[in-house]
Structures are given as C-alpha cells and as structure tokens.
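Colleague: Show me how the following folds:
(2 chains)
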Amino acid sequence: MDIAKLLFSKIFSAFMDVFPIIVVIAFFQLVIIQKPFPHLDQTIFGIFLVVMGLFIFILGLESALFPIGEKMANEFALKGNPWWIIFFGFALGFSTTIAEPALTVIAGKAGGLAAGAGAIENTENSVASFVLGLRYTVALSVGLAIALGVLRILKGWPFIWFIMGGYTLIVITTFFAPQEIIGIAYDSGGITTSTITVPLVAALGVGLATSIRGRNPMLDGFGLIALASLSPIIFVLGYGIFVYGVGS
Amino acid sequence: MNSEIFNTLIDALSGTLLDILPIIIVLSFFQAVAIRKAIPHLKQKIIGLGMVVLGLGIFIVGLEQCVFPIGSQMANQLTDLKFLAGNDSALIETLENSDQMDPGIYLWTYIFAFLIGFSTTLAEPALIAVAYKARDITTGAISAWGLRISVALGVASGVTLGVYRIVMGNPLHYYIVAGYAFLLIQTLFSPKQIIPLAYDSGGVTTSTVTVPLIAALGIGLASNVPGRSPLIDGFGLIAFASLFPMITVMAYAMITEKLSKRKEINEPS
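Modeller: A predicted model of the protein is given here:
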C-alpha cells in the first residue's frame, strides 16, 4: 500500500515536471497558430511516454547513479592515494565526452565551416582530421577539467580562483580567436556534459567533499560540472587559433 | 505499437547505451584495479543503471513523438515573416527591402523563446538530479523547485536575448563578453556557498530536452530573418542558455539571503 502511494507520488511529480511544456505547446498551437493538433492521439501517447520515462530515469538515478558516485568517492578517499581518483576523474571526463553524439554533430559542422572559410583544405581527408582533432581537443579538455576539479576538492582550493582564472582566459582568447570558431567554442561548453554524466559527476564531487574531513559539500562538492563546461571553450578557441591563425 | 515508434525506441536506447558504456567501462576498470573490492548491492545497481538507460530512452522517444515535431514546426512558423506580418504583403516587402530590422515584428518569437526555454528546462533530467543533490546536502535550505525555477528563468531570458541578437544581427562576442563581465562582478557580491552550484547549473541546463528545440529556433531564425546565414548566426543560443542561469541562480541566493536576514531582524529570537 505504501509502495503504491510512493510510486504514485513519484509518477505525479514526473508529470508536474513535464506539465509546463504541455501548457506552452498547447497555448501556441491553439491560440497563436490557431490550428488543432495534427495527430492528437500520437501527442497524448508521447506525453505518457515522456512522463513514464522520466519516472523510470529518476528511480534509476536514486538507486544507482547517485550511490555509485558516492561509493566510488568514498572508497577513493579511504585509499589515501590521490592519483587514482585524479586519474579516475580524467578517464570519466575523457571517455564520456569522446563518445558524446552531440559533440560529433557540432564538430562535423565546424569542419564544414572551416573548409568553407578556406582555413583548411576542402578535401574529405583534411576535414575529417580537423573534426577528429576538435573532438579529441574537447574530450581532453573535459578530462583535464574534472581531474583538476578533483584535485581542487582534495586540496580545498577556493572555487572562485578557478572561475576567475578560467573566464579571464576565455575573454582574452576570444579577442585572438577567429570569428568562425567563437560560436562553436561557446556552444561546445554546453554540450559536453550529458544527462547520465552530470548526476554521476555531481555525486562524485559531493561524495568526495563529504568523505574528506574539513571540506564543505556545498563549497567544495559542487563545481566539477562548471569546470567541465568552461575548459572546452578555452581549448576550442585555442584549437581555432592554432588551425586558422591569430585573429584572421 | 507501430514499427516507427519501435525504431525510434531502438535508436534512443542505443544512444543512451552509448552514453553509459564508457561510464561502465571506466567504473569497472577502477573498481577492479584501484579499489579491488566486490561492489555492494551489485544486482540493485545493475537494475538501477538499466532503469537509467531505459527511462532516458523512453523519455526521448516520447519527446520525439509529441514535443520535438510540433515544437520545431512552431519555431519555424514563429520565425516566418509572412506569418508574423499576418500576410500583409506590403509590410513584408518593406521589411525585406529595408536594411534596418524592425525588432518589434518578432514579438511572438520572443515570447515563444522565453516560454519554451523556461518549460523545457524544468523538465531537464540532469537539472532535476543536481537540484535533488543540492536539496539533500543543504537539508532543504535550497529547495529543488527554487533552484530549478531560477535556472529556468535564466535559460528563458538567455534564449530570448539570443533570439533578439540573431534578429538584430549583432556579433555574439559583444554579448558574451558583457555577460561574463557582469557574472564575474556579481560573483564577488554573492553568498560564497552558492557560487559552485550556480556555475554548475550553467552546464546542466542544456541537454536532452532544451537543445533540440533551441537549435530548431536558432536555425529557423537564421534562415528566415533576411540577411542572416544559418552557418554564422545559428550558433550561440546554447551559449546564452548556459550563461544566464548562473546569473539568476546567484540572484536567487542573494534574494533569499536578504529575505532571511530581514526576517531575523523583524523577529528577534
């Protein structure tokens, strides 16, 4: 009985998460565009799938992703050798980013742009190597960012140093970067952290800050995702300067 | 179940599997080489990871059934001059021939951008996860909905400003540099505790739900607004959507801190 109640409240909360989208889409379709829904049954079935999918995802989040992240952080903190967890952070960031489909798409677009602008030869080979180079650059930058973020939690260095330093670097690099790469660079910061990686990385950071004496989970535990979205911007701008030349 | 839905489900599941595969490889490697202990509650965790993949897969199929097709169609229609000008052919002609853009004609595009940014962010699974984590470690001082609504307001205003930029054709980096400068100054004045979380929320806002619709809006605008090129002007909306939530989350913390201080003064204990 209690389980049924709990499940129902979780399904209802998933419905509430999706409800605003339903309202906005319905309002624009019926009031502004003034057309009925083309396939109403398909739309209602889709909403049902969205709500159930979110509900199942959140159950999995609470029973697997969060506990796994915390447990890993805990075990690593007990081990005492900091290199393992720094290496773990790098491996996690690098591997999830290199496999990220959104990155493959955006890198492909950037390759087309670069060839069109004459920055690289417009041959299949040189575009492919540009795209691959860009993907490795972004993956490397995310791996390094998480490794550095983990080191920051271990040492208790203030987060604000990294943010101030990172954004100053972005602003400076932007001035030297070619116009064509700027939009792609800023967008690449937003796409590197996928829906599955984010909860795991958040649990890892918070778990680490909780396991180490003298660290505050709010001040030290968060911030890994921020660094993972900041560093690709710098690296992609740098890659742009390297490929296109300064400020061309 | 017809075969089309089945095919999208297979596509979505293989996509989420590809997302989780490197994680499983890395986790198993470090578990075996560094930690060298049996994983407690292994069965429960495997089922949980299976639910993450399945849940996200079903979620994406549902979005592709009901939200993405209609949302992209709307984005296309709401950026179309003919629709916005109400089929007034004289008006369309003056707009197409003048160098100066009339930003007012895009009123409904801005409203759509704001509302779609706001509502899709509230349903973003990664943001829900981070909000739960923040609520748990502050034992409710940061409410999950409070954080999510501030992030959603940030995405909404970011996307709206980004749409305005594409309409006007201004260079992206003016806005971004000004935004970052504002952000850095605001950081100096906001409560220390919120800063890492605020910067994290910039990175989590844009994933599964928000990106496809925002991208459709950007491409629709860049190809429909006279004088814009989809290749150069279509980018950048996501950057706005990651920048503004940091500002609004810090603003949220500053406001709640002010309010609780005022409460303390008014009700001396």
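Colleague: how about residue 163, what does it touch?
Modeller: Since you didn't name a chain, this refers to chain A. Residues near A:I163 by CB atoms under 8 Å, 6 or more residues apart in numbering or on different chains: A:226, A:230, B:184, B:187, B:195, B:199. No exception for glycine: its C-beta is placed from N, CA and C like everyone else's.
Colleague: actually it's chain B I care about, not the one you picked
Modeller: B:V163 sits next to B:106, B:109-110, B:113, B:217, B:221, B:237 when contact means CB under 8 Å, 6+ apart.
Colleague: Would you point out the helix or strand in chain A whose mean pLDDT is lowest?
Modeller: Considering only helices and strands, the least confidently modelled element of chain A by mean pLDDT, DSSP states H and E is helix A:179-191, at a mean of 78.
Colleague: Likewise for chain B?
Modeller: helix B:230-233 (a mean of 65).
Colleague: Spatially central residue in chain A, please.
Modeller: Most central residue of chain A, judged by C-alpha distance to the mean C-alpha position with CA atoms, centre = their mean, is A:T193 at 1.3 Å.
Colleague: Can you get me a residue count around the residue nearest to that residue when sequence neighbours are not counted?
Modeller: Spatially, and ignoring its direct neighbours in sequence, A:T193 is nearest to B:G203 (5.1 Å; CB to CB, 6 or more residues apart in numbering or on different chains). When counting by other CB atoms under 10 Å in any protein chain shown, one arrives at 27 neighbours for B:G203.
Colleague: pLDDT score for B:G203?
Modeller: Per-residue pLDDT puts B:G203 at 81.
Colleague: Tell me how far it lies from B:G15.
Modeller: Distance, B:G203 to B:G15, using CB to CB, to the nearest Å: 20 Å.
Colleague: Now for B:V53: which residues touch it?
Modeller: A:60, B:13, B:16-17, B:20.
Colleague: Let me have these in a markdown table, adding pLDDT as columns.
Modeller: Output for the contacts of B:V53, formatted as a markdown table (pLDDT from 0 to 100):
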| residue | pLDDT |
| --- | --- |
| A:G60 | 94 |
| B:L13 | 89 |
| B:T16 | 85 |
| B:L17 | 87 |
| B:I20 | 88 |
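Colleague: re earlier: pLDDT and distance to B:L56 added to the contacts of A:I163, as a markdown table?
Modeller: As requested, those are arranged in a markdown table below (pLDDT from 0 to 100; distance: CB to CB, whole Å):
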| residue | pLDDT | distance to B:L56 |
| --- | --- | --- |
| A:A226 | 93 | 23 |
| A:L230 | 90 | 25 |
| B:L184 | 88 | 35 |
| B:T187 | 93 | 33 |
| B:I195 | 94 | 30 |
| B:Y199 | 93 | 25 |
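Colleague: Include distance to A:G166 when you put these into CSV, please.
Modeller: CSV is the format used below for those (distance: CB to CB, whole Å):
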residue, distance to A:G166
A:A226, 9
A:L230, 5
B:L184, 10
B:T187, 12
B:I195, 13
B:Y199, 9
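Colleague: Narrow those to those that are buried.
Modeller: Among the contacts of A:I163, those classed as buried by 16 or more other CB atoms under 10 Å in any protein chain shown are A:226, A:230, B:187, B:195, B:199.
Colleague: Between those, which sits nearest A:I184?
Modeller: The closest of the buried ones among the contacts of A:I163 to A:I184 turns out to be A:L230 (CB to CB; 15.5 Å).
Colleague: residues in contact with the closest one?
Modeller: Contacts of A:L230 were listed using CB under 8 Å, 6+ apart, and they are A:145, A:163, A:166-167, A:170, A:189, B:199.
Colleague: Please repeat the previous calculation with a cut-off of 6 Å.
Modeller: With CB atoms under 6 Å, 6 or more residues apart in numbering or on different chains as the criterion, the residues that contact A:L230 are A:G166.
Colleague: before we move on, what SS does A:E121 have?
Modeller: Going by DSSP: H, G, I helix; E, B strand; the rest coil, the secondary structure assigned to A:E121 is coil.
Colleague: Could you find the closest non-adjacent residue to it?
Modeller: Per CB to CB, 6+ apart, closest to A:E121 is A:A115, 7.4 Å.
Colleague: Pull the number of nearby residues for A:W84.
Modeller: Other residues within reach of A:W84, judged by other CB under 10 Å, total 16.
Colleague: before we move on, what about B:D80?
Modeller: As a burial measure, B:D80 scores 16 neighbours (other CB under 10 Å).
Colleague: pretty sure it contacts B:P226?
Modeller: No: counting by CB atoms under 6 Å, B:P226 is not a contact partner of B:D80; they are 11.7 Å apart.
Colleague: No further queries at this time; thank you.
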